[in-house]
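Asker: below are the sequence and a predicted model; questions follow.
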Amino acid sequence: MPWSVAPLRLGRSWVVAPDVRTLRERWNRLVAAGPEEREELFRPSRARTPSSSVAALPGQRTGTVRFARETGPCPEPVRLAHGPFDEQWLLPDHRLIDTARPELWRVADEHQLFAVEQGYVPGAAGPALLVTAALPAGRSPAGRPGRIRPLFRRPGGEEPNLAPGLLPWLSEGYGREVGAPEVLAWAVASARPSPAGCRVPLTADPDVWAKGVALGRRLMDIQLRGARGGERPRLPGGRRPYVRAPIPARPATLAYEPGEETLTLDDGRISPVPAEAWEYQVGGVRMLEQWFTHRTADAEPGGGLEAIGPAAWPQEWTSELLELITVLALLAARTPECAALPGAGPRLSRTALREAGILPVPNASRRPASVLDHQEEGPEGQFALL
């Protein structure tokens, strides 16, 4: 997947929130403020100030006047993969984001999937590559952030983001037609972290390939949580987590009782929660703890927009937490299969890829494709020329 994009740089934390209502309240507070207060609440950076002249993000109907003059309603928030297994909401306004990576927005549609490399942390457990249907921020819990690799280079699921010639070469070698989704499924199942980035070995054994693709598809279905026509993940009956004691309005602590397989949020109790779900890590960080911290951490002092949030724990957060427990438990159960996959059977070498003319990858394949079939609004209402 030669075309990759660096993670987004938001520049200000208040443009992201775990719930939509919070973002709308922050927007309304900002546009109601006077010039001096608006400047302070905005949190200017070198890339963005209220006076910045910026084009609209592709596919988004937001204003393009300088934000200092903005008085309109809040744009419709979009789903954002803020970090591993942590989907939140983003204000999709280019005037508010330091580096939004417009090339990602141009190809983000109902056909697209994004492979997100996880930062390398020596000795840390967890997957090297995750898949999301939501726009990814590319954040990594620890270590250097990885790269974002769209499955397709153009909207509508057109032009796979794969080295030219790879698909027919693999199809011939495995004796069956290989499509781009299969390559992504194999990568999800077999990827390994390394200091040089995410590494994906290619097997020379057609049976190992088929086994790895089937495993990768199951992993992707779990991670996508029903997106792209799949089913929402579910644990077997009797192992599904339920709320046994109501979660309080403002829980401050998260803990795990292994003997009872119970997750506690102050006096709130959820069980059964498999120990594997509690211990599931990415980059050396427990995912359940990080998810909870992102929703309960105290805002920075100063009374900025970050301080605006829910007065009490929303019901939808409970539903998201139950689903996250399910996702982590199901993925953890597949970890031994993933660990055994790269060592099974002979591998295809770089030399073989070079002899087939697949490597080195042409420079054009490492750059975003030209997308010229739609108009994008530039600063102050003018159309941008792409």
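Answerer: Okay, I see it.
Asker: now do the phi/psi pair for Ser271.
Answerer: Ser271 adopts backbone torsions of phi -160, psi 160, taken as degrees, to the nearest 10.
Asker: repeat that for Arg192.
Answerer: According to degrees, to the nearest 10, Arg192 has phi -130, psi 140.
Asker: contacts only, for the closest residue to Pro77 other than its chain neighbours.
Answerer: In space, and not counting its chain neighbours, Pro77 is closest to Trp89: 4.1 Å by C-beta to C-beta, 6 or more residues apart in numbering. From N, CA and C alone the C-beta is placed, and that goes for glycine too. Going by C-beta atoms under 8 Å, 6 or more residues apart in numbering, Trp89 touches 16-20, 23, 77-80.
Asker: per-residue confidence for Trp89?
Answerer: Predicted confidence (pLDDT) for Trp89: 98.
Asker: quick one on the thing from earlier: out of the contacts of Trp89, list just those in helices.
Answerer: Counted as lying in helices by DSSP state H, out of these, are 20, 23.
Asker: picking up where we left off before, give me the element the residue nearest to Pro77 is part of.
Answerer: Secondary structure from DSSP states H and E places Trp89 in strand 86-90.
Asker: pLDDT weak spots in the protein?
Answerer: Along the chain, the model assigns pLDDT under 70 to residues 143, 301-302, 371-375, 378, 380-386.
Asker: quick one, domains of it?
Answerer: Here the chain is described, according to automatic domain parsing, as comprising the domains 13-233+343-384, 242-298+314-335.
Asker: can you say which of those is nearest to Leu305?
Answerer: Of all the domains of the chain, it is domain 13-233+343-384 that lies closest to Leu305, at 3.8 Å by C-beta to C-beta.
Asker: how about the strands of the stretch 201-350 of the chain, start to end?
Answerer: Applying DSSP state E, counting those that start in this stretch to the stretch 201-350 of the chain gives strands spanning 242-245, 254-257, 262-265, 268-271, 281-282, 285-286.
Asker: and the second one, what's buried?
Answerer: If you call a residue buried by 16 or more other C-beta atoms under 10 Å, then strand 254-257 has these buried ones: 254, 256.
Asker: okay, now the sheet partners of that strand, with direction.
Answerer: Sheet partners assigned to strand 254-257 using DSSP bridges are listed as strand 262-265 (antiparallel).
Asker: chain center to the strand it pairs with, what's the gap?
Answerer: Here strand 262-265 is found 26 Å from its chain centre; the criterion is C-alpha atoms, centre = their mean, to the nearest Å.
Asker: make TSV out of the strands of the stretch 201-350 of the chain and add distance to Cys198.
Answerer: Converted to TSV, the strands of the stretch 201-350 of the chain look like this (distance: least, C-beta to C-beta, whole Å):
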stretch	distance to Cys198
strand 242-245	36
strand 254-257	30
strand 262-265	31
strand 268-271	33
strand 281-282	13
strand 285-286	18
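Asker: of all those strands, which one is nearest Tyr174?
Answerer: strand 281-282 (30.8 Å).
Asker: contacts for that closest one, please.
Answerer: Contacts with strand 281-282, where a contact means C-beta under 8 Å, 6+ apart, come from 84-85, 118, 124-127, 130, 140-141, 287.
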